[in-house]
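Chemist: sequence first, then the predicted structure:
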Amino acid sequence: MTRAGFAAIAPAMSANKPGDPTTLNRLYGRGKGRPLRKGQQALVDELLPQISVPEDGPVTAQRLFGQDCPLHFEIGFGGGEHLAYRADLLPDHGFIGCEPFLNGVVGALTHIRDAHLTNVRLHMGDALDVLSRVPDGALSFLYLLHPDPWPKARHAKRRMVNDGPVDMFAAKLRPGGEFRFGTDHPVYLRHALMVMSRHREAFDWLCEKPADFQNRPGGWPETRYEAKARRQGHEVWYFRYRRR
Ligand SMILES: C[S@@+](CC[C@H](N)C(=O)[O-])C[C@H]1O[C@@H](n2cnc3c(N)ncnc32)[C@H](O)[C@@H]1O
């Protein structure tokens, strides 16, 4: 088959459907890993239902926390250490964390129980399902730390930093709100910079010098994934974007 012939049929053969994670509407990767111990299962059975984001309807501070308060949203919180650290630091703010991986959710539940956090709500599943139900302009902070890199070009549309999700991030953040993003993946880094540069109308990149993205900003604790990346000798880059 000629190259041109292959190009003509390639889109139909590819797993990379048109659009990006907001339109693919499916989750990739694993939902479950190690079997849970008894105490962990009890957290899932007892604590998780008490602090789960409602399955439908608007996701507002009033509905989740019984009062208006600044809202923070973390996409893919992994083991939940960043979410718990921030929630502990800002007890008057409300935190929403989304993560489809059960063992990660258990990690977050453990932090929430141990630190007696009452200002965190969790969703075990796709963050964009919940984010789409947050009223526009309601978020003060949005965190995306070490998203799955999907390094192959044909999987680029699965990356969370893509035009569709970034439009949604812009809509959900209030003016002055902050989008924090971290990665150790050079391919993702270049991709994200390119996507974010297309959204200059909505976001100011808070960066004056290389040190601003080479050093972890204050109030941004190291995540488990980041620690692993550093142990493997990777560089890590940190980005802060302010909603205009
Ligand atoms: C590489 S891990 C990083 C975890 C954590 N942020 C950290 O830095 O340690 C990426 C995480 O994103 C989660 N994830 C992937 N797609 C997601 C989605 N659509 N919504 C929420 N989380 C997602 C994965 O389950 C995984 O835990």
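Modeler: Received, thanks.
Chemist: C-alpha only now, for contacts and for neighbours.
Modeler: OK.
Chemist: give me the most central residue, the chain.
Modeler: The chain has residue 75 as the residue nearest its centroid, 2.0 Å off, counting by Cα atoms, centre = their mean.
Chemist: distance of it from residue 166?
Modeler: To residue 166, residue 75 is 12 Å away according to Cα to Cα, to the nearest Å.
Chemist: quick one: name the residues of the chain near the ligand.
Modeler: 27, 75-78, 98-101, 126-127, 145-148, 223-226 (Cα under 6 Å from any ligand atom).
Chemist: quick one, strands of this protein?
Modeler: In the chain, the strands defined using DSSP state E lie at 71-75, 94-98, 120-123, 139-145, 173-183, 203-205, 237-243.
Chemist: name the helices or strands packed onto the first one?
Modeler: Contact analysis of strand 71-75 by 3 or more Cα pairs under 8 Å, 6 or more residues apart in numbering; DSSP states H and E lists strand 94-98, strand 139-145 as its packing neighbours.
Chemist: could I get those strands as JSON lines with mean neighbour count and mean pLDDT?
Modeler: JSON lines is the format used below for the helices and strands packed on strand 71-75 (neighbours: other Cα atoms under 10 Å; pLDDT from 0 to 100):
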{"stretch": "strand 94-98", "mean neighbour count": "27", "mean pLDDT": "98"}
{"stretch": "strand 139-145", "mean neighbour count": "23", "mean pLDDT": "98"}
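Chemist: those strands: which one's closest to residue 192?
Modeler: Nearest of the helices and strands packed on strand 71-75 to residue 192, taken as Cα to Cα: strand 139-145 at 11.6 Å.
Chemist: what packs against the closest one?
Modeler: By 3+ Cα pairs under 8 Å, 6+ apart, strand 139-145 packs against strand 71-75, strand 173-183.
Chemist: winner for burial among these?
Modeler: Across the helices and strands packed on strand 139-145, averaging neighbours per residue (mean count of other Cα atoms under 10 Å) puts strand 71-75 on top, at a mean of 25.
Chemist: quick one, it and strand 139-145 angle?
Modeler: 20 degrees (axes from the mean of the first three to the mean of the last three Cα atoms, to 10 degrees).
Chemist: contacts for strand 71-75, please.
Modeler: With Cα atoms under 8 Å, 6 or more residues apart in numbering as the test, strand 71-75 has contacts from 61, 83, 93-99, 127, 138-145.
Chemist: if we go to 6 Å?
Modeler: The contact list for strand 71-75, computed with Cα atoms under 6 Å, 6 or more residues apart in numbering, reads 94-98, 127, 139-144.
Chemist: quick one: mean pLDDT for that strand?
Modeler: Mean per-residue pLDDT for strand 71-75: 98.
Chemist: who does that strand pair with, and is each partner parallel or antiparallel?
Modeler: Sheet pairing here is set by DSSP bridges, and for strand 71-75 it gives strand 94-98 (parallel), strand 139-145 (parallel).
Chemist: any idea of the angle that strand forms with strand 173-183?
Modeler: Relative orientation of strand 71-75 and strand 173-183, computed by the same axes, to 10 degrees: 30 degrees.
Chemist: quick one: residue 77 from residue 202, how far?
Modeler: Taken as Cα to Cα, the span from residue 77 to residue 202 is 24 Å.
Chemist: er, residue 215 I mean
Modeler: Computed as Cα to Cα, the residue 215 to residue 202 distance reads 24 Å.
Chemist: between the two, which has more neighbouring residues?
Modeler: residue 202 (20 against 13; other Cα atoms under 10 Å).
Chemist: thought the more buried one was touching residue 244?
Modeler: Yes: the pair residue 202 / residue 244 is scored as a contact, 5.4 Å apart, by Cα atoms under 6 Å.
Chemist: show the pLDDT at the nearest residue to residue 115 once chain neighbours are set aside.
Modeler: Among residues not flanking residue 115 along the chain, residue 88 sits closest, at 7.5 Å (Cα to Cα, 6 or more residues apart in numbering). Here, the pLDDT recorded for residue 88 equals 98.
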